[in-house]
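Student: give me a 3D structure for the following:
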Amino acid sequence: MNLRAIHLGMWKKRSKSIMPQVTVGLVAAFLLFNIFENAQPPPKSQAQEGTLVESNSSWDQNTVQGRANRMKEPPATQDGPPHLMVHRMTAGRPPDTYMWQTAFASDFHGNRVVILTDATTAFQHAGSPGAEFVDMDALVERQAEVFEMLRTFRQSYKPWGLKEPWERENIERFFYIAAFALDRHLQRVFYTDTDVALLTRVSDLKLPKSCDYLVSIPKQTFESYFWVVWAGTALLDQQVLMQFLRFVLRIYSSPQVMALLTTKERIAPYVCDMSLWFLFAISADPGLASLVSSPASLPLPKPANRSRACDLVALGFDHMHAHTRKGFVLDRDTLTAWDSEQKERKRIKSVHFQGSAKGFASVLVEAKPTQFHAFRSVLAKRQRF
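Tutor: Predicted coordinates for the structure are as follows:
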C-alpha cells in the first residue's frame with residue numbers, strides 16, 4: 001500500500017469518528033440560539049406604542065370607545081407607510097428651501113421621506129441623508145397600466161385650471177403616487193404637498209375602520225360648486241388611487257360630465273385636482289353624496305368598488321394656515337404643535353404653509369441649525385429601503 005492510500009484511509013476513519021461530534025455540537029448551538037431568542041422580550045407593537053387617533057367625522061358619531069374598538073392596525077410595513085412628496089424641478093433649479101424645511105420636520109419625527117422628482121434632481125441628490133429622491137418618470141415607465149393612463153390623460157385633459165400647466169401637473173401627481181405604491185408593493189402611502197409640515201409619526205396613525213382613505217373635506221354643498229376634497233395631506237390606499245385614476249379618465253371621455261365641468265368652470269372657476277377628488281369621493285360614497293346634497297341623477301361614472309373618504313382635519317391635521325390661528329403653539333425643541341385655545345390642549349399634526357405663507361416654514365429649523373445642515377448634506381450615506 002502506498003503512502004497516499006494510507007493517508008486516505010486514515011482520513012476516512014478519522015472523519016467517521018469526528019462527524020457525530022460535529023453534528024451534536026451544531027444541534028446544541030441551534031437549540032441554545034432558539035432558547036436565547038425566545039427569552040428576549042418581544043418588541044412593543046404599534047398598538048402599544050402608537051397614539052390612538054379618534055375620528056369626529058360626520059359618518060362616525062358613535063362613542064370614542066366604540067370608535068377605538070373598530071380601529072384598523074397600521075399598514076403592513078414595519079414602520080408604517082412612507083411619507084411621500086412630489087416636487088418636479090425645471091432648468092436645474094435646486095429644490096425650494098421650504099421643501100427642505102418641511103422634509104426635515106417629517107424626518108425629525110422618524111418618518112421615511114421619499115420625494116418623487118425629475119431625473120436630474122434625483123441624480124443630484126442621490127445619497128441624501130434626509131430623503132430618498134426617486135426619478136418619477138422612470139418610476140411610472142415601469143408600471144405599464146399607469147403609464148398608459150397618464151398618456152391618455154394628457155391627451156384628453158381640459159386646461160380649465162387657475163394656472164396651467166400647474167393645475168394639470170397637480171392632477172398628474174396622483175399617477176406618480178400610484179406608480180410608486182405599485183412599484184414598492186405598498187397598500188398605503190401618506191402624501192403631503194411640499195409646503196405641508198408633517199409634525200407626527202405616520203406609523204402612529206391608525207385608520208378608522210369605517211374609512212378607506214383620509215383627505216380634507218371642508219363643509220360644502222354640491223350646488224355651491226365649491227367642490228373641494230383636498231388630497232394635499234392624505235393617507236391614500238393603492239386601490240383607491242387606481243380607482244381615482246380610472247375615474248378621471250372616464251370623466252374626460254364623458255360628454256355629460258364635460259358639460260357639468262363646463263358649468264363649474266363658468267359659475268365657480270376653476271376646475272382642479274380638488275374638483276376631481278370631490279366628484280370621485282361622492283361617486284364612490286353614497287353617504288358623502290347625501291351629506292353634500294348631491295343630485296340623485298348626477299351623470300358620474302361609478303367606481304368598481306365603493307370607498308369611504310374621511311376628513312383628516314377631524315383627526316388633528318391642518319387644511320390651511322394652522323400657524324395663524326389664535327392659540328397656535330409650536331414647541332421648537334420637539335417640533336410638536338398644539339391648539340391651546342381648547343379646554344384640553346389639542347395636538348396639531350400638520351401645518352399647511354399655503355401660498356405666500358411658505359416662508360414661515362423656516363420656523364421649523366430655527367432652533368436646530370446643525371441638524372438641519374446635516375439633513376441637507378448630500379455627502380452622508382442613507383440606508384435605502
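
Student: tell me the SS of Leu116?
Tutor: strand (DSSP: H, G, I helix; E, B strand; the rest coil).

Student: that one: what's it in contact with?
Tutor: Neighbour list for Leu116: Leu84, Met85, Val86, His87, Val134, Met136, Leu139, Tyr176, Ile177, Phe180 [criterion: CB atoms under 8 Å, 6 or more residues apart in numbering]. All C-beta atoms are positioned from the backbone trio N, CA, C, and that covers glycine.

Student: correct me, but the last one touches Val134?
Tutor: Yes. Because the distance of 7.0 Å satisfies CB atoms under 8 Å, Phe180 is recorded as touching Val134.

Student: quick one, which of those two is more surrounded?
Tutor: Neighbour count, other CB atoms under 10 Å: between Phe180 and Val134, Phe180 has more, with 25 against 22.

Student: let me see the contact set for the more buried one.
Tutor: Leu84, Val114, Leu116, Val134, Leu139, Leu186, Val189.

Student: again, only this time at 6 Å
Tutor: Going by CB atoms under 6 Å, 6 or more residues apart in numbering, Phe180 touches Leu139.

Student: still on that earlier bit, helices - which of the contacts of Leu116 land there?
Tutor: Counted as lying in helices by DSSP state H, out of the contacts of Leu116, are Met136, Leu139, Tyr176, Ile177, Phe180.

Student: Trp338: neighbour count?
Tutor: As a burial measure, Trp338 scores 17 neighbours (other CB under 10 Å).

Student: could you check how far Pro100 is from Trp160?
Tutor: Just to correct that, residue 100 is Trp rather than Pro. 33 Å (CB to CB, to the nearest Å).

Student: Gln220 contacts Val229, correct?
Tutor: No. Using CB atoms under 6 Å, Gln220 is not in contact with Val229; the gap is 9.3 Å.

Student: any weak-confidence spans in the stretch 201-350 of the chain?
Tutor: Along the stretch 201-350 of the chain, the model assigns pLDDT under 70 to no residue.

Student: so which residues of it form helices?
Tutor: 238-252, 255-267, 273-284, 286-291 (DSSP state H, counting those that start in this stretch).

Student: quick one on the thing from earlier: neighbour count winner among Trp100 and Trp160?
Tutor: Taking other CB under 10 Å, Trp100 and Trp160 do not tie; Trp100 has more neighbours (21 against 18).

Student: picking that back up, pick the most deeply packed of the helices of the stretch 201-350 of the chain.
Tutor: Across those, averaging neighbours per residue (mean count of other CB atoms under 10 Å) puts helix 273-284 on top, at a mean of 23.

Student: now that helix against helix 255-267, angle please.
Tutor: 140 degrees (axes from the mean of the first three to the mean of the last three CA atoms, to 10 degrees).

Student: counting contacts, what elements does helix 273-284 pack onto?
Tutor: Other elements packing on helix 273-284 under the criterion 3 or more CB pairs under 6 Å, 6 or more residues apart in numbering; DSSP states H and E are helix 238-252, helix 286-291.

Student: got the angle for it vs helix 238-252?
Tutor: Using the same axes, to 10 degrees: helix 273-284 against helix 238-252 is 100 degrees.

Student: which other residues reach helix 273-284?
Tutor: Contacts for helix 273-284 (CB under 6 Å, 6+ apart): 170-171, 227-231, 244, 247-248, 288-289, 294, 300, 302-303, 306-307, 309.

Student: can you tell me the centre-most residue of the chain?
Tutor: Phe190 (1.5 Å; CA atoms, centre = their mean).

Student: any idea how far the nearest residue to that residue once chain neighbours are set aside is from His321?
Tutor: Spatial nearest neighbour of Phe190, chain neighbours left out: Val202 (4.6 Å); criterion: CB to CB, 6 or more residues apart in numbering. Distance, Val202 to His321, using CB to CB: 22 Å.

Student: quick one: which of the two has more around it?
Tutor: Between Val202 and His321, counted using other CB under 10 Å, the more crowded position is Val202 (25 against 15).

Student: that one contacts Gly110, doesn't it?
Tutor: No. Using CB under 6 Å as the test, Val202 is too far from Gly110 to be in contact (8.7 Å).

Student: picking that back up, let me have the ones in helices among the contacts of Leu116 in TSV, extended by pLDDT and distance to Ala361.
Tutor: Formatted as TSV, these follow (pLDDT from 0 to 100; distance: CB to CB, whole Å):
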residue	pLDDT	distance to Ala361
Met136	96	23
Leu139	97	26
Tyr176	98	23
Ile177	98	22
Phe180	98	24
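
Student: can you tell me which of these is closest to Phe328?
Tutor: Ile177 (29.3 Å; CB to CB).

Student: which residue ranges of the chain form strands?
Tutor: Here the chain has its strands, by DSSP state E, at 83-86, 113-117, 132-135, 188-192, 196-198, 213-216, 230-237, 309-311, 328-331, 336-339, 346-348, 350-352.

Student: deepest in the core, which of these is it.
Tutor: Among the strands of the chain, highest average neighbours (mean count of other CB under 10 Å) belong to strand 196-198, with a mean of 27.

Student: can you name every helix or strand that that one contacts?
Tutor: Against strand 196-198 (3+ CB pairs under 6 Å, 6+ apart) you get helix 97-108, strand 350-352.

Student: buried ones in the first one, by neighbour count?
Tutor: Same thing as helix 97-108. Tyr98, Met99, Trp100, Gln101, Thr102, Ala103, Phe104, Ala105, Ser106, Asp107, Phe108 (16 or more other CB atoms under 10 Å).

Student: show me the shaky parts of the stretch 1-150 of the chain.
Tutor: Ranges of the stretch 1-150 of the chain meeting pLDDT under 70: 1-79, 90-95.

Student: again, 90 this time
Tutor: Applying pLDDT under 90 to the stretch 1-150 of the chain flags residues 1-80, 88-97, 120-131.

Student: and stretch 136-153, end to end?
Tutor: Stretch 136-153 has an end-to-end distance of 17 Å (criterion: CA to CA, to the nearest Å).
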